[in-house]
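1. I would like to see how this sequence folds:
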Amino acid sequence: MKFNLFMLPSIPCTFEERIRLRPVGRNREKYQEMLAELRELTVLADELGFDALSTTEHHFHSEGFEVSVAPLLLYTDLAARTKRIKFASLALVLPTWDPIRVAEEIAILDHLTKGRFIAGFARGYQDRWTNVLGQHYHVMGSPMDGSEVDAHNREVFEEVFHIMKMCWREETVRFKGKYYEIPTPFETGIRRWPVSESWTRKYGADGELDAAGAVQRISVVPKPYTDPHPPIWQPFSVSEKTIRWCASEGIVPFILVSHPESYRALSEAYREEAGKAGRTLALGESVGAFRSIHIGDSYAEAYRLGEESQGRGFIEYFSGFGFFEAFRLPGETTPVPQTFERIVEAKYELVGTVDDIKRELDALRENGNPEWFAWYFDQGILPLDEAKRQLELFATKIMPEFKES
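-> Residues are numbered from 1 along each chain as shown. The predicted structure is shown next:
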C-alpha cells in the first residue's frame with residue numbers, strides 16, 4: 001500500500017472553544033495556529049515516510065472545521081518545507097472553477113513541486129458555498145440523488161473536466177460546449193488583437209490566428225511538468241456509477257464505503273470497467289480506501305479517543321450531508337444508525353492497539369488490497385501532541401509492514 005494523510009484542515013480548538021470563540025474561522029491568531037500545526041504535521045509526515053498529504057477545498061466555514069479555502073496556495077507553502085511527500089487536492093470542486101484557470105494553476109504547482117502534486121476533483125455537495133461560487137454556471141451543491149440539480153452539477157463537472165484536460169494535452173484549444181466556449185465570441189474569433197502579425201504569428205503557437213489575424217484558438221501555458229498531466233484522484237466515492245466513471249477515465253477513486261463486502265464489490269466494479277477501457281488491473285490497483293484510525297494502549301482507550309474526535313465530528317457535522325449512507329450494511333433497508341458504534345461496525349473507524357490496527361489492515365489487504373490507504377486524520381480536533389503521537393505510532397509500528405517497497 002501507499003499511504004495518504006488526509007486532513008480537512010481545521011482550526012485547532014475544542015468543541016467548547018468553538019462556541020466561546022465563534023466565529024473561530026475568522027480568528028487571526030487561531031488561523032496562524034492552524035498553519036503552524038499543519039506545517040509541523042506535514043514535515044513530520046514527510047520524515048516518517050507518508051507518500052502523500054491531502055486536504056479538502058471548502059469555503060465560508062466560520063465554524064473553523066473545514067478551513068481549506070485555497071488548497072493550491074497551501075500546498076505551495078508546504079512543498080517548500082518538505083522533501084519527498086506529494087500533495088493531493090481531495091478535492092477541488094470543479095463546477096466552481098474556470099476550466100482554464102484551474103488548468104493553469106495546477107500546471108504551475110506541478111512545476112513548482114517538480115511533480116509532487118496529484119490533482120483531485122469533486123462535484124461539490126455543500127450548497128452554502130457551491131451555490132455562491134458556482135453561480136456563473138447556475139450550479140448548486142450535488143445532492144447525489146439523480147435529480148435535475150444533481151444532473152446539472154454532473155454535466156457542468158464533466159464539461160469543465162474535459163476542457164481542463166484539453167488545456168493540458170493540446171498545443172492549442174478551440175471548444176464550444178453548453179457552458180463554455182474558446183475563444184469568445186466563438187463564431188468570429190477575437191478580432192481586437194493588435195499584435196497578431198507583429199507578434200503572435202511570428203512567435204505564438206501554430207493555428208492561434210486565422211488568415212485575417214483573428215484569434216481562433218488559444219494556447220494554455222505552461223504545459224504541466226508531468227507528462228501529460230498530474231495523476232487524477234476523486235474522493236468520497238460511494239456509488240458504483242462514480243466508480244465506473246473513474247475507471248473509464250483512469251482516475252483513482254477513494255472509496256468511502258467501508259463494509260468489507262460492499263467495499264470489495266466497488267473495487268471489483270472498478271477493475272471490470274477499467275478492463276473495458278483497455279486497462280488490465282489487479283484487484284485494488286488504482287483504488288484508494290478511506291479510513292479513520294485511533295491507536296491506544298487498549299481497545300477501550302482507542303475507542304474513547306475516536307468517539308470524542310472523529311465520532312463527534314461525523315455525528316454532529318457529516319451526518320447532515322448524508323455520509324452515514326457509506327456505512328450502510330449489506331441488506332439493510334432501515335435508516336442507518338448515526339452512532340460511533342456504527343462507524344466502527346462498518347469498518348470505517350479502526351480503533352485499538354497497534355496489533356488491533358495491524359489485523360484490520362491485514363483484513364483490508366485480503367479483502368480488496370487497495371493501492372492507496374487514506375487516513376482521515378483528526379488535525380485540529382486532537383491536541384497537537386496526541387496527533388503527533390498517533391502519527392509516530394502508526395508510521396513506526398504499523399506502516400512498515402504494509403508499505404509498498
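
2. can you pull the buried residues of stretch 338-352?
-> Residues of stretch 338-352 classed as buried by neighbour count (16 or more other C-beta atoms under 10 Å): 338-340, 342-344, 346-352. C-beta: built from backbone N, CA, C; applies to glycine.

3. what count of nearby residues applies to the residue lying closest to residue 289 once chain neighbours are set aside?
-> Nearest residue to residue 289 in three dimensions, chain neighbours excluded: residue 370, at 4.2 Å (C-beta to C-beta, 6 or more residues apart in numbering). Neighbourhood size, residue 370 [other C-beta atoms under 10 Å]: 25.

4. check contacts around residue 370.
-> 1, 255, 267, 284, 287-289, 364 (C-beta atoms under 8 Å, 6 or more residues apart in numbering).

5. just the buried members of those residues?
-> Using 16+ other C-beta under 10 Å as the burial test, those include 1, 255, 267, 284, 287-289, 364 as buried.

6. identify, from the contacts of residue 370, the entry nearest to residue 77.
-> residue 288 (24.6 Å; C-beta to C-beta).

7. for residue 196, see how far away the closest one is.
-> Separation of residue 288 from residue 196 (C-beta to C-beta, to the nearest Å) stands at 47 Å.

8. if we can go back for a sec, how about the residue nearest to residue 289, phi and psi?
-> Taking degrees, to the nearest 10, you get phi -60, psi 140 for the backbone angles of residue 370.

9. residue 205 now?
-> Dihedral angles of residue 205 (phi, psi; degrees, to the nearest 10) stand at phi -70, psi 150.

10. just give me the neighbour total for it.
-> Using other C-beta under 10 Å: residue 205 sits among 16 other residues.

11. what sits against it?
-> 171-172, 217, 219.

12. apply the buried test to these and list what passes.
-> 172, 217, 219.

13. wait, the last one touches residue 173, no?
-> Just to be clear, that refers to residue 219. Yes: between residue 219 and residue 173 there is a contact under C-beta atoms under 8 Å: 7.5 Å.

14. in helices only, show me the contacts of residue 370.
-> Cross-referencing the contacts of residue 370 against helices under DSSP state H gives 267, 364.

15. can you put the contacts of residue 370 in CSV and add distance to residue 141 and pLDDT?
-> Output for the contacts of residue 370, formatted as CSV (distance: C-beta to C-beta, whole Å; pLDDT from 0 to 100):
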residue, distance to residue 141, pLDDT
1, 32, 97
255, 21, 97
267, 27, 97
284, 31, 98
287, 26, 98
288, 23, 98
289, 25, 98
364, 31, 98
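
16. between the contacts of residue 370, which is nearest residue 75?
-> The closest of those, once distances to residue 75 are taken by C-beta to C-beta, is residue 288, at 18.2 Å.
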